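Peer 1: Show me how the following folds:
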Amino acid sequence: MSNRKQNILRALQEFVNQRPGLSFADYGDSKYYRQDYRQILQAKQDFEQLLVTVDLRDNITADDIIKSSESAFSGRLSITENGDSVTIDYCTGQYTPTEYRKAACAVLASALWGFWREPESTGDTIRKSARDNLGRGIALRWFN
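Peer 2: Got it, this is the predicted structure:
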């Protein structure tokens with residue numbers, strides 16, 4: 001794997017590992033707080049599995065990941081390289097704590113979609129590859 005790809009994946013990992021900053025004061029009801037908290041944890045688990053899968057595919061390049069970031073999740077996650085340094089920026093849609101990890105997942109899922117796409121591939125065959133490689137849950141969340 002290229003050094004550029006490693007740097008980008010490392011920066012994405014650091015970005016996802018940030019504390020979400022979820023504030024109970026924004027909720028007023030513990031039910032909805034716990035619901036968002038579970039979704040945030042699920043997105044982190046999904047990201048870690050997507051990260052390993054992308055990391056293992058040598059044919060997915062740093063440029064593929066950057067290109068995916070330009071369209072996945074409405075392009076709100078941007079990856080900027082400056083030498084060996086990589087910066088991840090996220091433009092909030094509604095509520096950063098519940099979105100930023102999902103944006104990182106969407107970028108990696110988009111890179112994998114491009115990897116599994118072949119001239120004759122259909123969406124169904126790509127979704128089958130996602131199920132076979134990542135499991136049914138992640139395939140349903142990120143490849144529909």
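
Peer 1: can you give me the helices in this protein?
Peer 2: For the chain, the helices defined by DSSP state H cover 3-16, 30-56, 62-71, 96-116, 123-134, 136-142.

Peer 1: and Ser85, which of those is closest to it?
Peer 2: Among these, the nearest to Ser85 by CB to CB is helix 3-16 (7.7 Å). In this view, the C-beta of every residue, glycine as well, is placed from N, C-alpha and C.

Peer 1: Can you name the residues in contact with the closest one?
Peer 2: If you take CB atoms under 8 Å, 6 or more residues apart in numbering as the criterion, helix 3-16 is touched by 44, 47, 51, 54-55, 60-62, 65-66, 79, 81, 84-88, 90, 100-101, 104, 107-108.

Peer 1: swap in stretch 135-144?
Peer 2: The contact list for stretch 135-144, computed with CB under 8 Å, 6+ apart, reads 42, 46, 49-50, 105-106, 109, 113, 126-127, 130-131, 134.

Peer 1: CA atoms only: put it into CSV for me.
Peer 2: Output in CSV follows, covering the C-alpha atoms of stretch 135-144 (Å, rounded to 0.1, in the frame of the first residue of the first chain):
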residue,chain,number,x,y,z
GLY,A,135,-21.7,-8.7,6.1
ARG,A,136,-25.4,-8.0,5.6
GLY,A,137,-25.7,-5.1,8.1
ILE,A,138,-23.0,-3.0,6.6
ALA,A,139,-24.2,-3.8,3.1
LEU,A,140,-27.7,-2.7,3.9
ARG,A,141,-26.5,0.5,5.6
TRP,A,142,-23.9,1.6,3.1
PHE,A,143,-24.5,-0.1,-0.3
ASN,A,144,-28.2,0.5,-1.0
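
Peer 1: for the protein, what are the low-confidence residue spans?
Peer 2: Counting by pLDDT under 70, the chain contains low-confidence ranges at 1.
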